[in-house]
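Participant: sequence first, then the predicted structure, then my questions.
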Amino acid sequence: MLQIQTGKSNKILRGKADPVKKIDASVKKLIKEMVKVMLEKNGVGLAAPQVASSTRVIVARMNVGTENEIIVSMINPEIVYFSDEKVECEEGCLSLPDLWGDVVRSKEIIVRFLTEKASPMTLKLSDFNAKIIQHEVDHLDGVLFADKAKNLHKKKETEETQAA
């Protein structure tokens, strides 16, 4: 099973991930295993560098906690629009366990990516869905939420949390 990479100075987490050149069986296997890890860890998103793969792949749970919840995988995602309207929300990360902080992100984004079938896709996302994708795309560029957060703190184990 894939292992979550942890630590603010982890070289894999701090590197810029390489674009996927060909969507083959190994990429599809990576996505499948990433989804499994994300669900087992109760995460809402996971980027390939978090599991020691320096590739531009992310998986995310969209519409978390609703009857429309789905898992989306994105290959070579690129955020092409950030709204001027910002929202501040508490974030955590599977790669920085027990650390939480308030991060300001765009309320709406437009993200372009390839599906597992190599089809180009564009999604307009808002609120929590937009936050998840911004967090995960940051991972692909070697940026951790703690770099942007204010009020960093340890979360008590008894508090209900979801980390990306």
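Facilitator: Good, I have the coordinates.

Participant: now for the nearest residue to Ala149 once chain neighbours are set aside: which residues touch it?
Facilitator: Here the nearest residue to Ala149 in space, its sequence neighbours aside, is Gly101; by Cβ to Cβ, 6 or more residues apart in numbering that works out to 2.8 Å. In this view, the C-beta of every residue, glycine as well, is placed from N, C-alpha and C. Residues in contact with Gly101 (Cβ atoms under 8 Å, 6 or more residues apart in numbering) are Glu90, Glu91, Phe145, Ala146, Ala149, Lys150, Asn151, Leu152, His153.

Participant: pretty sure Gly101 belongs to a strand, no?
Facilitator: Yes: with DSSP: H, G, I helix; E, B strand; the rest coil as the criterion, Gly101 is part of a strand.

Participant: mind checking which of the contacts of Gly101 are buried?
Facilitator: Glu91, Phe145, Ala146, Ala149 (16 or more other Cβ atoms under 10 Å).

Participant: look at the residue nearest to the spatial centre of the chain and give its secondary structure.
Facilitator: Nearest to the mean C-alpha position of the chain, counting by Cα atoms, centre = their mean, stands Glu136 at 2.4 Å. Under the three-state scheme (three-state DSSP), Glu136 adopts helix.
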